[in-house]
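>>> here's my sequence, what's the structure:
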Amino acid sequence: MSWVTPPALWLVFGVAVSASAAPSTAPEISAAWELVARHLPGDALARLKKTPAADDREAAFARAVIRMDSQAVANEPLREVAGEFLDLARGADEIAQASAYLAGRLYQVHFFEPDCARAAEIYQHLASRHPESDWAQLALVKLALLKLYVLPEPAKPAERVAAAETLLARLTLPELRRDLHLAIGRARLFHGLPGALPHLLAAAEAGGLEGVPRSDLQVQIGELSRRGGDFGQARIYFGRFLAENDVDPRGFAVRERLREMAEAGEAGAAR
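You can find the predicted model right below:
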């Protein structure tokens, strides 16, 4: 069985990876996805009732996704959807991988009282069972965020960061390695730990960030480089920020930093 979920669905769930499989050959399922993209879940469910028995697995996945998106925030109905995803996750296809990931997301953010320990368990199982899957790669990033900020163990900030850093070696998708470097760098800053700059530089060098995330990263790298005495690197990132963000209110502070570094350089040369 081959299938694909339309891009609109990825936006609904914040999924950054497109499906790699070929489009669905079941017209009723394709029509249901289109109705989901148009925010018509009731109509989508009605179309799925006409799905042939041969397409039951794909239709079951589609029904669970639609219910996940349209349920009120109440634990019991969402637990039913999580159970449906976990049943589908017992398979070996991409539907199984996507189902496991979405079950983890349900436990992490959708329940009225999230169960992050259960989400972490599901992510870990997915990553162990399908390590090269795009869904498993996404799960590793979510798992890292849980380790950095949410799970009770490890308790010490340095141990939290170290646990997240061990997951970097398991990430093969460049954009997700970038995202994890960025998360770890900012977690080091949040917890007041040294060593943030190499992670932020790795994220910047990977590329692909746009808008506010890109400008925030440029300012952070520029400021950390300045504080560390690497004025050359600070000038590069501050300069990129100014070139790309001429109306950003932080521009004044960045120009002041550049002026201070220039004066410090002149004073050093005079001595």
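>>> report pLDDT for Trp10.
Listed pLDDT for Trp10 reads 39.
>>> burial count for Pro154?
14 (other C-beta atoms under 10 Å). C-beta coordinates here come from the backbone N, C-alpha and C atoms, glycine included.
>>> any idea how far it lies from Arg160?
Pro154 sits 5 Å away from Arg160, going by C-beta to C-beta, to the nearest Å.
>>> average pLDDT for stretch 263-271?
pLDDT averaged over stretch 263-271 gives 70.
>>> what sits against the closest residue to Arg170 other than its chain neighbours?
Nearest residue to Arg170, sequence neighbours excluded (C-beta to C-beta, 6 or more residues apart in numbering): Leu140, at 5.8 Å. By C-beta atoms under 8 Å, 6 or more residues apart in numbering, the residues touching Leu140 are Tyr123, Ala127, Leu167, Arg170, Leu171, Leu176, Leu180.
>>> the fifth one against Gln137, yeah?
What it means is Leu171. Yes. Counting by C-beta atoms under 8 Å, Leu171 touches Gln137, with 5.9 Å between them.
>>> okay, these two: which has more neighbours?
Gln137 (24 against 21).
>>> ranges for the helices of this structure?
7-13, 27-37, 41-48, 56-70, 75-88, 94-105, 116-129, 134-149, 157-165, 174-190, 196-206, 211-227, 231-244, 251-270 (DSSP state H).
>>> dump the residue contacts of Leu126.
Per C-beta under 8 Å, 6+ apart, neighbours of Leu126: Ala89, Gln97, Ala100, Tyr101, Gly104, Ser133, Trp135, Ala136, Ala139.
>>> most neighbours among the residues you listed, please name it.
If you rank those by neighbour count (other C-beta under 10 Å), Gly104 sits at the top with 30 neighbours.
>>> in stretch 153-173, what's buried?
By 16 or more other C-beta atoms under 10 Å, the buried positions in stretch 153-173 come out as Arg160, Val161, Ala163, Ala164, Glu165, Leu167, Leu168, Arg170, Leu171, Leu173.
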